[in-house]
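Q: Sequence first, predicted model second:
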Amino acid sequence: MMESFDFPPYRPPSEAYSMLLRVSRGCPWNKCAFCSMYKKYPFSRKSVEEIKRDIDLMPSVYGRGARRVFFGDSNSLLLKADDLVEILNHLYRVFPDLERVTSYARAKTLVKKSPEELRAIRQAGLTRLHIGLESGDDQVLKMIRKGATAAEMVEAGLRTKAAGFECSMYVLLGIGGMKLTMEHRRGTVEVLNQVDPHFIRVRTLTPIPKTPIARWIEEGSFIPVSPLVSVEEELDIVRGLRVTSRFLNDHVSNVVPLDGKLPEEQAQMVAALEAAVAYCREHEVQYSDYRSL
Ligand code: SF4
């Protein structure tokens with residue numbers, strides 16, 4: 001039974017204890033210059049009937065005690081609203097006590113869904129959307145081939161919240177490289193302040209071999225930021241935020257572990273980042289030392 005269940009290859013760290021349900025396979029975009037996640041998983045759709053069969057298998061895979069589900073793979077909002085509602089209705093029939101159902105969603109896809117469609121999906125029980133912002137600067141977004149503008153990121157975040165979802169946005173430190181680090185800081189603060197997402201989750205760029213960014217670094221056209229600059233970026237971002245979000249560095253790539261509520265814990269976060277900046281300056285931490293910090 002386990003062998004025939006279609007597990008998604010990835011989920012956010014916050015979904016470590018969630019049941020995983022694959023509603024599509026791979027990434028329909030698959031062009032972001034830093035990302036290798038779905039390169040070996042070609043995009044394909046699944047029929048609603050196939051997904052319902054997977055849901056019927058879930059009690060034998062996960063038992064009946066879990067209260068959370070994550071939808072894989074990279075952009076479940078690509079499904080038709082009616083299909084998502086049918087899938088969610090079936091899921092809640094099998095697991096009536098669910099507390100949270102979440103998914104990744106691309107901003108570009110979100111802005112193509114009508115407010116009515118988004119509300120219907122939310123009312124059927126999808127509760128939280130994880131959106132990859134990466135940067136709020138248009139030059140950076142274009143360079144990394146994110147396929148969405150800063151304005152679309154804002155619209156996607158606001159539509160998500162207006163429909164009643166919890167909105168979780170991901171920021172990628174270092175994604176502008178040395179050349180666009182200041183633009184990256186400014187634009188990211190602007191987008192986050194306009195959206196005020198429920199969660200801001202931070203990762204630090206880790207160049208993956210064979211991705212365009214790794215190639216640009218080899219060629220010398222992209223100068224990666226040092227750990228010091230990545231922490232300075234985060235410090236500027238945290239200082240500039242006027243939001244009511246939970247702010248988390250919940251990933252191994254980050255230099256400083258942070259998890260706190262804004263604005264209540266903003267001063268403590270700024271202090272922790274200032275201390276890290278001072279440490280990096282004092283010890284002249286280099287890019288190659290990154291992993292051992
Ligand atoms: S970052 Fe997201 S949208 Fe971009 S290629 Fe990777 S999975 Fe696809």
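A: Now that the structure is in, tell me what you want to look at.

Q: Assign a three-state SS to the nearest residue to Pro13 once chain neighbours are set aside, would you?
A: Leaving aside its sequence neighbours, Pro13 sits nearest to Asp250 (Cβ to Cβ, 6 or more residues apart in numbering; 5.2 Å). To be clear about C-beta, it is placed using only N, CA and C from the backbone, and glycine gets the same treatment. Going by DSSP: H, G, I helix; E, B strand; the rest coil, the secondary structure assigned to Asp250 is coil.

Q: so who does Asp250 touch?
A: For Asp250, the contact set (Cβ atoms under 8 Å, 6 or more residues apart in numbering) comprises 13-14, 201, 259.

Q: Leu172 against Arg203, yeah?
A: Yes. Between Leu172 and Arg203 there is a contact at 5.4 Å, judged by Cβ atoms under 8 Å.

Q: With neighbour numbers in mind, choose between the two.
A: The neighbour count for Leu172 versus Arg203, taken as other Cβ atoms under 10 Å, is higher for Leu172 (26 against 21).

Q: Could I get the phi/psi values of that one?
A: Dihedral pair for Leu172: phi -120, psi 100, per degrees, to the nearest 10.

Q: do the same with Ser168
A: Per-residue torsions, Ser168: phi -120, psi 120 (degrees, to the nearest 10).

Q: Check the secondary structure at Ile208 for me.
A: coil.

Q: How many neighbouring residues does the nearest residue to it once chain neighbours are set aside have?
A: Distance criterion Cβ to Cβ, 6+ apart; nearest residue to Ile208, sequence neighbours excluded, is Ser36 at 4.4 Å. Ser36 has 16 neighbouring residues, counting by other Cβ under 10 Å.

Q: show me what contacts Arg22?
A: 6-8, 46, 51, 54, 71-73.

Q: and with 10 Å instead?
A: Residues near Arg22 by Cβ atoms under 10 Å, 6 or more residues apart in numbering: 5-9, 46, 50-51, 54, 70-73, 76.

Q: thinking again about what came up before, distance check, the residue nearest to Pro13 against the ligand.
A: Using Cβ to the nearest ligand atom, to the nearest Å, Asp250 is found at 17 Å from the ligand.

Q: Could you do Glu234 as well?
A: Applying Cβ to the nearest ligand atom, the value for Glu234 to the ligand is 20 Å.

Q: What strand or helix carries that residue?
A: Per DSSP states H and E: Glu234 is located in helix 227-240.

Q: on that earlier part again, closest one of the contacts of Arg22 to the ligand?
A: Nearest to the ligand, judged by Cβ to the nearest ligand atom, of the contacts of Arg22 is Asp73 at 7.8 Å.

Q: right, and the closest one touches Ser24 too?
A: Yes. Applying Cβ atoms under 10 Å, one finds Asp73 in contact with Ser24, separated by 5.8 Å.

Q: Looking only at residue counts, what's the top helix in this protein?
A: The residue-count maximum for a helix in the chain (DSSP state H) belongs to helix 266-283.
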